[in-house]
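Undergrad: 3D, please:
(2 chains)
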Amino acid sequence: MKIASWNVNSLKVRLDQVVAWLEHQQPAVLGLQETKLVDEKFPAEAFNEVGYQVIFSGQPTYNGVALIARSELADPVMGIPGFEDDQKRVIAATVDGVRVINLYVVNGQEVGSEKFDYKLRWLDAVTAWVEDELSRHQRLVVMGDFNIAPDDRDVYDPEAWHEKILCSTPEREALGRMLDLGLHDSFRLFDQPEKTWSWWDYRAAMFRRGLGLRIDLVLCSEALKGRCSTSYIDKEPRRNERPSDHAPAVAEFTL
DNA sequence: ATGGTCGATAGTCGA
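TA: Just a heads-up that it's a prediction; the model follows:
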């Protein structure tokens, strides 16, 4: 079972790329972030035509998440239950017995800002809900654009990014509290090439220069850990014309 | 050099 996460930075612009990637990679589930589409404009038909079902939760201009799957998307949840939030950042469903939670984590802009405080509150709320979901689902994946580089191996220049947004201790500790529920960063279950990134800033030709961060993650529960056969970043779509600034994070499980 | 570039949207904001 191949499961992938991709921040597409506008599904309107990236639709053809996403459909082409689906047809080529044939994942069981793909979670999208930053669709930037209201639900009325979600291109469900384009996915149905290539054999995928969809659920989505969008808003004008910002944020927006979706789950795309070959099989039924059962028991869907949009948003964090009990956490009042206008921003559409969370969507979950059960696919072939695996609970899949897709997150677009708050960016936070700058350490110490109001948006940073919101990021930490949001992470605490989502972690409490993931704990609840774990009590009901042994086989669980939490994936998405986490907007957190787990450690310095995931940063092209750790000194320049020291205690900066995406890398600060409070953010990493918040991610750590989620991992402490019994989740594993699937990427680190395997030997990996050094300097593997999932996001390269559009500015300053960062992709061409090989400078990025790994902030897109697929976490898996204890019951899935031993069934995870591979985990990687598919850098290819970042080479496309008019690419997203993120590449898909992919994990495969033997079920 | 606190910039650089995208996307949504129509002067900026968010990333």
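
Undergrad: contacts and neighbour counts: CA atoms only from here.
TA: Will do.

Undergrad: Just the element for residue A:6, please.
TA: Taking DSSP states H and E as the criterion, residue A:6 maps to strand A:2-7.

Undergrad: Would you list the strands that that strand pairs with, along with their directions?
TA: Taking DSSP bridges as the criterion, strand A:2-7 sits next to strand A:29-33 (parallel), strand A:249-253 (antiparallel) in its sheet.

Undergrad: Would you format those strands as JSON lines with mean pLDDT, distance to residue A:54 and mean neighbour count included?
TA: Shown next, in JSON lines, are those (pLDDT from 0 to 100; distance: least, CA to CA, whole Å; neighbours: other CA atoms under 10 Å):
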{"stretch": "strand A:29-33", "mean pLDDT": "98", "distance to residue A:54": "10", "mean neighbour count": "28"}
{"stretch": "strand A:249-253", "mean pLDDT": "98", "distance to residue A:54": "18", "mean neighbour count": "23"}
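
Undergrad: Mind checking the ones you listed for the one nearest to DNA strand B?
TA: strand A:29-33 (10.3 Å; CA to the nearest atom of the strand).

Undergrad: what does chain A have sitting close to DNA strand B?
TA: Within chain A, the positions adjacent to DNA strand B are A:9-13, A:36, A:60-62, A:106-109, A:202-205, A:242-244 by CA under 7 Å from any atom of the strand.

Undergrad: Of those residues, keep whichever come out buried.
TA: Among the residues of chain A next to DNA strand B, the ones that count as buried by 16 or more other CA atoms under 10 Å are A:9, A:10, A:11, A:36, A:62, A:106, A:107, A:108, A:243, A:244.

Undergrad: So which of these are in helices?
TA: Per DSSP state H, helices hold the following members of these: residue A:11.

Undergrad: Residue A:125 contacts residue A:80, correct?
TA: Yes: using CA atoms under 8 Å, residue A:125 is in contact with residue A:80, at 7.3 Å.

Undergrad: Mind listing what's buried along stretch A:96-104?
TA: A:98, A:99, A:100, A:101, A:102, A:103, A:104.

Undergrad: Can you tell me which of the residues you listed lies closest to DNA strand B?
TA: The closest of the buried residues of stretch A:96-104, once distances to DNA strand B are taken by CA to the nearest atom of the strand, is residue A:104, at 9.4 Å.

Undergrad: Backbone dihedrals for the closest one, both of them.
TA: Here is the backbone geometry of residue A:104 (degrees, to the nearest 10): phi -110, psi 90.

Undergrad: hang on, isn't it packed against residue A:144?
TA: Yes: if you go by CA under 8 Å, residue A:104 and residue A:144 touch, sitting 5.8 Å apart.
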